[in-house]
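# Prediction below, plus the sequence it came from.
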Amino acid sequence: MPERILLIEDDQELGSQIVESLKKAGFEPTWWRTGRHVEAQQLPGLVLIILDLMLPQTYGLDILKELRSTGAEVPVLVLSARNDTADKVRALKLGADDYMTKPFWPEELVERVRARVRRPAMQRGDALEIGKLRIDLASRGVSVEGGAIELTRVEFDLLAALARRPGVAVTRGWLVEHVLDPDREGNERTLDVHVSRLRKKLGAGVRVETVWGIGYRLGTEAP
Amino acid sequence: MKLRFLGGLRSRLVIVTILVTVPMVVLLMWLDGRARHRAAAYALSDGITRRLQHPEERTRCEASPSTWGRPRPHGRPRPADVPDGPPRPRPRPPPPMFPMGAPPVSYAYDEHLVSANPAAPLLTAADRRKLDESSMAVLDRPWYGDDVDVLVRTPWGSGPCSFVLVHGTTTPGFIGALLPASPIWLLPLAAVLLAILIAVGPMVARIRRLTAAVQRSAAHGFSGRIPADGHDEVAELARAFDAASREVQAQLAAKDQREKTLREFLSNTTHDVMIPLTVLHAHLTTLREAHASGRAPDPLILTAAMDEAHYIGALLHNLAIAAKLDAGAPGMIKGPVDLNALVTRVVSRHAPIARQRAIALEHAIPEKALATEADVTMLEQAVSNVLYNAIRHNRTGGHVALILEPRSQTRFRVRVIDDGPGIPPEQLDRVAQRGERGHAARTRAPDGQGLGLDIAHRVASLHGHKLKFAESEYGGLEVEIEGDQIDPSSLRKDSITSA
Ligand SMILES: Nc1ncnc2c1ncn2[C@@H]1O[C@H](COP(=O)(O)OP(=O)(O)OP(=O)(O)O)[C@@H](O)[C@H]1O
Ligand SMILES: [Mg+2]
């Protein structure tokens, strides 16, 4: 089922472009050209509201205030042409989840929308599942496509650290500090050695990517 | 004009004086009238009592009750006074009991208070009742009149002369009996009025001069001084006006300065934005020409056009922040800032343009949110400028990484690393030590004096952040912003609401 997004934006041109980008990104946008209160029966199925702050007749924040006063928890992304701290603080106080300052590229908008709508990583109890990879945190067992893989303690901790936030880069520094054995002399070179060993063990089905200038990341897209 | 007259200080004083003195004069006159009535009544009753004690008086009265009691002309005995017998030597007349008043007239009344004398005033039952209590009564007469009537029961109390009414007058006063005898009382009143006028006259004149001075000053934008001489209230008022006008002058000057800054800002902004906008026009024209001649659009031009559009956006944000910074620290609104979210926003702002330029933009944020106390717009713009520099001054195919991490338990740091051309070591110090610049250099400066780093510097110093520049391990530039963390629990929505 496509995810419904309510866009409240008075500008014709900008509104239709946002609607286009959202459609291309696989969302189902509803566009209101004028500001009015969001009724309770419109909320089901709504994953996000994109709200322009400067609407004719209504003040965007009033809509937000009204919405939050009814207890609705749908995320709200506020759009503003004014890069103004007071506006932002007010919007957050009234229950906005995020704000975006104009101008922005369509890609930026889509990325921000995705970040808001994105569901938390699949984690059932002590098990993490990322693509073909399965990690049991309690028993420290790892399998790729069902096949169990033997890992050293450091390798397992390394993989678990990356798998907790798949697709997100983790710095070498953090990994050296938190994953390598504190009793043994460890530096970034040691870490790189562990990573290349881990890669070999996991095979091509799981991608431990090197991130330029930062460290490593567990790839989320299938190779 | 009439209102002006009524509202004038002088006429108001006169009115107030009259309002205060007239009731006082009336009161005094009332007291005076009463006193004179009492004195006259006392003298009359005294005189008649003495006269009636004379045994002959009864005979005389009863002999002709209709004429008895008429005043005797002085010096010559009246016929009624000597009805029979040769004229006897009269006792010396008593000293005049009614100084300056008309001589008293007496009227005789019988037991029923009916007089044989046709000139006798009619007596009422009320007058009669007064006599029940004593042998003598002073009849009610208005205090402002000069009539005084005393009714007496004769010692014998029977016959046609049972009662005697003596009519007299009070001592005559100024305008009859109405005003006190001596017009001397007018003197203090006139003196008071005169004193008021003399005291108020120069005051009124000075107030008028002050009014004129204030009006003149106001007409010239409060630029002139308002003269204040003397030490009284009027001088104080003048000094207050002078202080107020100087305050107004200062405020006007400040406003003018602000307006000038704003005008300068607008013209600088216009100038700064027009250049990239013109470049953008050129790129778009090239693209359209390519399209018209059936060629595929040059992706380099396309990228450059997008770049320019992106640059205009960044520039406008920078100019807005610069205006706020120029206005001073009050333009800052500090609050808890979610650094993870800030870094993510900055990256997603520039990611599209980095992609266009084939520059790999990576970022890292810690698993646990980091927070700091800052003006979110300013800090975000500072980080954004540093990141945008790393992208914009980089080469195609280059790399940029933005890393947010805790520096210690209480400090955070944001690092931007690139593998672009970097800044030569001899220029690094200059970039790192730059302080505030004037408005004039608000342009894209090929000599390395841009607006972006200037804002980063100023924001850092306003927030107490350390801003460090170094050569990155990849040959490019590494910029670090380091500052204090705060407890990230202050970022929670409920705590923001209660803050
Ligand atoms: N990451 C970088 N790599 C190479 N040179 C840089 C880098 N960052 C800054 N510079 C140099 O420092 C100069 C000053 O940067 P700054 O951001 O202040 O101005 P700008 O980028 O030229 O213009 P703008 O005001 O639009 O940002 C730049 O012009 C550039 O020469
Ligand atoms: Mg710059």
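Received the coordinates, thanks. Numbering: from 1, shown residues only, chains lettered A, B, ... in the order given. Ligands and ions are numbered 1, 2, ... in the order given.
# What separation do you get for the closest residue to residue B:390 other than its chain neighbours and residue B:452?
Excluding the flanking residues, the one nearest residue B:390 by CB to CB, 6 or more residues apart in numbering or on different chains is residue B:418, at 3.9 Å. Just so you know, the C-beta spots here come from the backbone N, C-alpha and C atoms, and that holds for glycine as well. Distance, residue B:418 to residue B:452, using CB to CB, to the nearest Å: 14 Å.
# higher neighbour count, those two?
When residue B:418 and residue B:452 are compared for neighbours, residue B:418 comes out ahead with 30 against 20, by other CB atoms under 10 Å in any protein chain shown.
# Pretty sure that one sits against residue B:398.
Yes: Residue B:418 is within contact range of residue B:398, at 6.4 Å (criterion: CB atoms under 8 Å).
# Overlap of the contact sets of the two?
residue B:476 (CB atoms under 8 Å, 6 or more residues apart in numbering or on different chains).
# Not counting residues beside it along the chain, what's closest to the closest residue to ligand 2 within the stretch 351-499 of chain B?
For the stretch 351-499 of chain B and ligand 2, the shortest gap (CB to the ion) falls at residue B:452, measuring 2.7 Å. In space, not counting the residues next to it along the chain, residue B:452 is nearest to residue B:385; the distance is 3.7 Å by CB to CB, 6+ apart.
# counting contacts, what elements does the helix or strand that neighbour falls within pack onto?
Secondary structure from DSSP states H and E places residue B:385 in helix B:376-392. Judged by 3 or more CB pairs under 8 Å, 6 or more residues apart in numbering or on different chains; DSSP states H and E, the packing partners of helix B:376-392 are helix A:85-93, helix B:299-326, strand B:335-338, helix B:339-356, strand B:399-406, strand B:411-418, helix B:451-463, strand B:477-484.
# what do you get if the cut-off is 6 Å, keeping everything else the same?
helix A:85-93, helix B:299-326, helix B:339-356, strand B:399-406, strand B:411-418, helix B:451-463 (3 or more CB pairs under 6 Å, 6 or more residues apart in numbering or on different chains; DSSP states H and E).
# Now stretch B:230-245 - C-alpha only, CSV.
Extracted in CSV, the C-alpha atoms of stretch B:230-245 (Å, rounded to 0.1, in the frame of the first residue of the first chain):
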residue,chain,number,x,y,z
GLY,B,230,16.6,79.0,36.3
HIS,B,231,16.0,76.4,39.0
ASP,B,232,12.2,76.2,39.3
GLU,B,233,9.7,73.8,37.9
VAL,B,234,9.5,75.5,34.6
ALA,B,235,13.3,75.2,34.2
GLU,B,236,13.0,71.6,35.2
LEU,B,237,10.3,71.0,32.6
ALA,B,238,12.5,72.6,30.0
ARG,B,239,15.4,70.4,31.0
ALA,B,240,13.1,67.3,30.8
PHE,B,241,12.1,68.4,27.4
ASP,B,242,15.7,68.9,26.4
ALA,B,243,16.6,65.4,27.7
ALA,B,244,13.6,63.9,25.9
SER,B,245,14.5,65.6,22.6
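# all helices for chain A, in order.
Ranges of helices in chain A, per DSSP state H, are A:12-24, A:60-69, A:85-93, A:106-117, A:153-164, A:172-178, A:188-202.
# residues of the shortest one that come out buried?
In this case it means helix A:172-178. A:172, A:174-176 (16 or more other CB atoms under 10 Å in any protein chain shown).
# quick one: which of these is nearest residue B:248?
Nearest to residue B:248, judged by CB to CB, of the buried residues of helix A:172-178 is residue A:174 at 61.0 Å.
# pLDDT at that closest one, what is it?
Per-residue confidence (pLDDT) for residue A:174: 94.
# Equivalent analysis for residue B:438, please.
43.
# Could you list the low-pLDDT ranges of chain A?
Within chain A, the stretches with pLDDT under 70 are A:1, A:57, A:119-124, A:222-223.
# In it, which residue sits closest to ligand 1?
residue A:213 (12.6 Å; CB to the nearest ligand atom).
# what residue is smack in the middle of chain B?
residue B:244 (13.0 Å; CA atoms, centre = their mean).
# Turn the buried residues of helix A:172-178 into CSV, including distance to ligand 1.
What follows is the buried residues of helix A:172-178, written out as CSV (distance: CB to the nearest ligand atom, whole Å):
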residue, distance to ligand 1
A:172, 21
A:174, 24
A:175, 26
A:176, 26
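# from the residues you listed, which is closest to residue B:161?
residue A:174 (138.7 Å).
# Quickly note the distance from the closest one to residue B:363.
Plainly put, residue A:174 is 14 Å away from residue B:363 if you go by CB to CB.
# Domain map for chain A?
A:4-117, A:122-218 (automatic domain parsing).
# can you list the weak-confidence ranges in the stretch 101-250 of chain B?
In the predicted model of the stretch 101-250 of chain B, residues B:101-102, B:171-185 satisfy pLDDT under 70.
# what's the helix or strand for the residue in it positioned nearest to ligand 2?
In the stretch 101-250 of chain B, the residue that lies nearest ligand 2 is residue B:250 (38.2 Å; CB to the ion). If you go by DSSP H and E, residue B:250 is part of helix B:233-292.
# list the helices and strands that helix packs on?
helix B:186-219, helix B:299-326.
# same for the longest one, what does it pack against?
Yep, that's helix B:186-219 we're talking about. Using 3+ CB pairs under 6 Å, 6+ apart: helix B:186-219 touches helix B:9-52, helix B:233-292.
# Show me what secondary structure element comes after the shortest one.
Where DSSP H and E defines the elements, the next helix or strand beyond helix B:9-52 is helix B:55-63.
# helices or strands next to that next one in the packing?
Against helix B:55-63 (3+ CB pairs under 6 Å, 6+ apart) you get no helix or strand.
# How about exporting that helix as CSV, limited to the C-alpha atoms?
In CSV, the C-alpha atoms belonging to helix B:55-63 read as follows (Å, rounded to 0.1, in the frame of the first residue of the first chain):
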residue,chain,number,x,y,z
PRO,B,55,-43.9,103.7,85.3
GLU,B,56,-45.1,106.5,83.1
GLU,B,57,-44.5,104.5,80.0
ARG,B,58,-47.6,102.3,80.8
THR,B,59,-49.8,105.3,81.1
ARG,B,60,-48.4,106.8,77.9
CYS,B,61,-48.8,103.7,76.0
GLU,B,62,-52.3,102.9,77.2
ALA,B,63,-53.3,106.5,76.5
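# buried sites along that helix?
In helix B:55-63, counting by 16+ other CB under 10 Å, buried: B:57-58, B:60-62.
# Put together a markdown table for those, with distance to residue A:90 on each row.
Compiled in a markdown table, the buried residues of helix B:55-63 are given as follows (distance: CB to CB, whole Å):
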| residue | distance to residue A:90 |
| --- | --- |
| B:57 | 110 |
| B:58 | 112 |
| B:60 | 113 |
| B:61 | 110 |
| B:62 | 113 |
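# returning to that earlier point: from the middle of its chain, how far away would the helix holding residue B:385 be?
49 Å (CA atoms, centre = their mean, to the nearest Å).
# What's the separation between the residue sitting nearest the centre point of chain A and residue B:314?
In chain A, the residue lying closest to the centroid (CA atoms, centre = their mean) is residue A:115, at 3.5 Å. From residue A:115 across to residue B:314, the span is 22 Å (CB to CB).
# Now name the helix or strand holding residue B:137.
In the assignment (DSSP H and E), residue B:137 maps to strand B:136-138.
# burial count for the closest residue to residue A:125 other than its chain neighbours?
Of all residues not flanking residue A:125 in the chain, residue A:138 sits nearest, at 7.9 Å (CB to CB, 6+ apart). Using other CB under 10 Å, residue A:138 has 8 neighbouring residues.
# So what does residue A:138 look like in phi/psi?
Residue A:138 adopts backbone torsions of phi -70, psi -50, taken as degrees, to the nearest 10.
# residues from chain A in reach of chain B?
When proximity is defined by CB under 6 Å from any CB of the partner chain, chain A lies next to chain B at A:83, A:85-86, A:88-89, A:92-93, A:103, A:105, A:107-108, A:111-112, A:169, A:171, A:211-214.
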